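> got a predicted structure here, sequence first:
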Amino acid sequence: MTSTPSQPSQTGTAPGEAGSRRRILVVTPDTLGVLMAGPAIRAWEIAKALSAFADVRLVSTNKAEIHSDAFPVHFADDSSLHSHVEWAEVLVFQGHILRTHQWIKDTDTIIVADIYDPMHLEQLEQGKDLGAADRLAVAIDTVEVLNDQLERADFMVCASEKQRDFWLGQLAGLARINPATYDRDPSMRSLLDVAPFGVENDAPVQRAHGIKGTVPGIAADDKVIIWGGGIYNWFDPLTLIEAVAIAAKAHPDLRLYFLGASHPNPNIPTMRMAVEARKRAEELGLTGSVVFFNDAWVPYTERADFLLDADLGVSTHYDHLETAFSFRTRILDYLWASLPIISTDGDTFAELIRDNELGRVVPPEDVDALASAIEELLFDADERARIAGNVERFAAGMTWATSLTPLIEFCKNPTPAPDRVQGIVSERTRINNDLHKRIAGLENSSSWRLTKPLRAVAERLTGRRPEL
């Protein structure tokens with residue numbers, strides 16, 4: 001673990017020739033450490049999978065505090081990131097990396113955009129805590145962050161077929177679906193494919209009890225529902241807490257445990273919904289007796305200790321646009337631990353849960369339906385065992401080794417997108433590029449430099465920059 005990149009591997013053969021190994025850089029803006037949220041976990045698992053056939057570097061632009069025997073892990077600021085990108089044949093990234101490091105778009109590196117998170121839809125909910133002007137500005141900027149990725153990437157992966165349809169629409173609007181990309185592959189799979197979050201390849205092993213008999217107020221024989229991640233604005237913990245209050249009246253051994261009440265990344269503030277969840281539990285008199293909040297994020301390598309202490313996994317959310325195109329990554333951990341699942345209807349996993357009998361699906365914000373589902377699964381031992389068996393069998397086909405196959409296959413034989421090679425861009429992009437060139441030319445002109453003092457005076461007098 002270091003901020004100084006190691007030297008490129010010397011294979012003696014050109015990239016792609018027999019005996020050579022691809023040089024692949026995986027970059028995340030999230031914290032790589034003992035405590036990791038979804039983006040960092042995904043980057044870590046991608047690096048692990050690609051390192052089976054390639055020389056891989058995993059880089060965080062935020063913080064890197066862990067190491068791997070299979071690949072080096074680095075922190076990189078903008079300066080040191082240059083060296084990593086120059087070393088790489090292929091860059092796999094997520095989040096705001098192209099926005100914060102604009103120069104990457106102008107390199108010849110083959111770029112893979114990991115767009116498993118439609119963050120512009122997420123932002124519609126998350127931004128409700130901002131003022132109206134700031135909320136609008138952030139929402140529009142997030143759209144452009146994603147447009148940058150969709151316009152530059154040579155290949156993209158998303159989390160589900162439903163997401164893929166959504167992204168294809170945005171790609172069409174940006175003219176990435178054009179004769180060059182279509183003629184190469186009418187299915188467009190060579191430009192955008194599905195590589196969802198996966199389940200760990202190895203079965204979970206409990207080394208110590210994380211919840212039962214460990215958390216004050218939760219006995220070894222209590223029935224535990226686990227909320228397996230953070231409490232974000234696009235989730236609905238309030239309906240869940242109210243349903244638990246109903247079910248607990250008949251079952252005093254019922255417990256609800258929120259695994260991640262705070263985020264491991266200090267740059268992610270506590271969201272309004274996390275505050276509201278605590279408030280609702282307090283109002284109902286459940287905090288510390290029926291409802292429990294874990295104030296520390298659980299280390300990635302220790303989460304099995306908590307999951308295997310649970311009897312039921314839950315994911316509840318509201319009926320809005322983010323839900324429709326989401327892929328609830330916490331549910332993968334429920335699958336890994338063979339936990340029956342209760343989920344709100346409307347997202348990708350609801351259909352999978354229903355079709356494969358992995359638990360129960362309930363309408364959004366329906367307290368009574370949720371309380372009934374809890375009753376059915378948590379206190380009917382035979383039904384819970386039957387569902388758990390279904391979950392275990394289903395999870396076998398959802399491992400990282402399987403889910404990342406499209407990404408692995410592309411990285412084994414990476415090629416630049418044909419429209420990028422031919423210089424095909426949308427009319428919108430052409431106009432923007434032309435405008436930037438004109439402005440740059442004007443600002444570099446002698447007349448612009450000579451009139452700079454006059455413009456400075458005008459700015460002081462008017463309080464704004466004069467229009468060109």
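Now that the structure is in, tell me what you want to look at. Residues are numbered from 1 along each chain as shown.

> how many other residues sit next to residue 222?
By other Cβ atoms under 10 Å, the residues close to residue 222 number 20. (Each C-beta comes from the backbone N, C-alpha and C, glycine too.)

> kindly provide the distance from it to residue 294.
16 Å (Cβ to Cβ, to the nearest Å).

> where does this structure dip in pLDDT?
Within the chain, the stretches with pLDDT under 70 are 1-19, 261-269, 436-437, 440-443, 446-450, 454-468.

> so what's the residue count around residue 141?
Counted with other Cβ under 10 Å, the neighbours of residue 141 add up to 13.

> helix or strand for it, which one?
In the assignment (DSSP states H and E), residue 141 maps to helix 132-152.

> please apply the same query to residue 243.
Assigned by DSSP H and E, residue 243 belongs to helix 237-250.

> go through that helix and flag the buried ones.
Buried residues in helix 237-250, defined by neighbour count with 16 or more other Cβ atoms under 10 Å: 237, 238, 239, 240, 241, 242, 243, 244, 245, 247, 248.

> list the contacts of the helix holding residue 141.
96, 98-99, 105, 111, 113, 115, 118-120, 123-124, 127-128, 130, 156, 167, 170-171, 174, 176, 420, 425-426, 429 (Cβ atoms under 8 Å, 6 or more residues apart in numbering).

> stretch 60-67 too?
1, 27-34, 40, 43, 58, 73-77, 81, 97, 100-101, 265, 267.

> what's the first-to-last distance across that stretch?
12 Å (Cα to Cα, to the nearest Å).

> can you check stretch 62-75 too?
Span of stretch 62-75 from end to end, Cα to Cα: 7 Å.

> buried stuff in it?
Those buried within stretch 62-75 under the rule 16+ other Cβ under 10 Å are 62, 63, 64, 66, 71, 72, 73, 74, 75.

> want to throw the residues you listed into CSV with secondary structure and distance to residue 284?
As requested, those are exported to CSV (DSSP: H, G, I helix; E, B strand; the rest coil; distance: Cβ to Cβ, whole Å):
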residue, secondary structure, distance to residue 284
62, coil, 37
63, strand, 38
64, strand, 41
66, coil, 39
71, coil, 47
72, coil, 49
73, strand, 44
74, strand, 47
75, strand, 43
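
> would you list the residues you listed in CSV and tack on distance to residue 397?
Below are these laid out as CSV (distance: Cβ to Cβ, whole Å):
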residue, distance to residue 397
62, 33
63, 34
64, 32
66, 29
71, 26
72, 32
73, 30
74, 34
75, 36
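
> tell me which of the residues you listed is nearest to residue 414?
Distance to residue 414 across these (Cβ to Cβ) is lowest for residue 71, with 17.5 Å.

> wouldn't the closest one be in contact with residue 45 here?
No: with contact defined as Cβ atoms under 8 Å, residue 71 does not count as touching residue 45 (11.9 Å).

> show me what contacts the residue lying closest to residue 345 once chain neighbours are set aside?
If the residues on either side of it in the chain are set aside, residue 345 comes closest to residue 361, at 5.0 Å by Cβ to Cβ, 6 or more residues apart in numbering. Counting by Cβ under 8 Å, 6+ apart, residue 361 touches 342, 343, 344, 345, 350, 353, 354.

> name the helix or strand for the second one, please.
Right, residue 343. Per DSSP H and E: strand 341-344 holds residue 343.

> before we move on, what about the fifth one?
With secondary structure defined by DSSP H and E, residue 350 is part of helix 348-355.

> put the alpha carbons of that helix into PDB.
Extracted as PDB, the C-alpha positions of helix 348-355 are listed here (Å, rounded to 0.1, in the frame of the first residue of the first chain):
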ATOM      1  CA  THR A 348     -35.200  -5.700  -9.800                       C
ATOM      2  CA  PHE A 349     -34.900  -8.100  -6.800                       C
ATOM      3  CA  ALA A 350     -38.600  -8.100  -6.100                       C
ATOM      4  CA  GLU A 351     -39.200 -10.100  -9.300                       C
ATOM      5  CA  LEU A 352     -36.400 -12.500  -8.500                       C
ATOM      6  CA  ILE A 353     -37.700 -13.000  -4.900                       C
ATOM      7  CA  ARG A 354     -41.200 -13.700  -6.200                       C
ATOM      8  CA  ASP A 355     -40.200 -16.000  -9.100                       C
END
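
> so what's residue 406 closest to, chain neighbours aside?
residue 193 (3.8 Å).

> should've said residue 286
Using Cβ to Cβ, 6+ apart, the nearest residue to residue 286 is residue 245, at 6.1 Å.

> that neighbour is in contact with residue 282, isn't it?
No: applying Cβ under 8 Å, one finds residue 245 not in contact with residue 282, separated by 12.0 Å.

> run through the bridge partners of the residue nearest to residue 345.
Assessed by DSSP bridges, residue 361 has beta-bridge partners residue 343.

> who's in contact with residue 175?
424, 425, 426, 427, 428, 429.

> just residue 348 next, same as before
Shown in contact with residue 348 (Cβ under 8 Å, 6+ apart): 159, 160, 162, 163, 326, 327, 328.

> and of those, the nearest to residue 300?
Nearest member of the contacts of residue 348 to residue 300, counting by Cβ to Cβ, is residue 328, at 17.4 Å.
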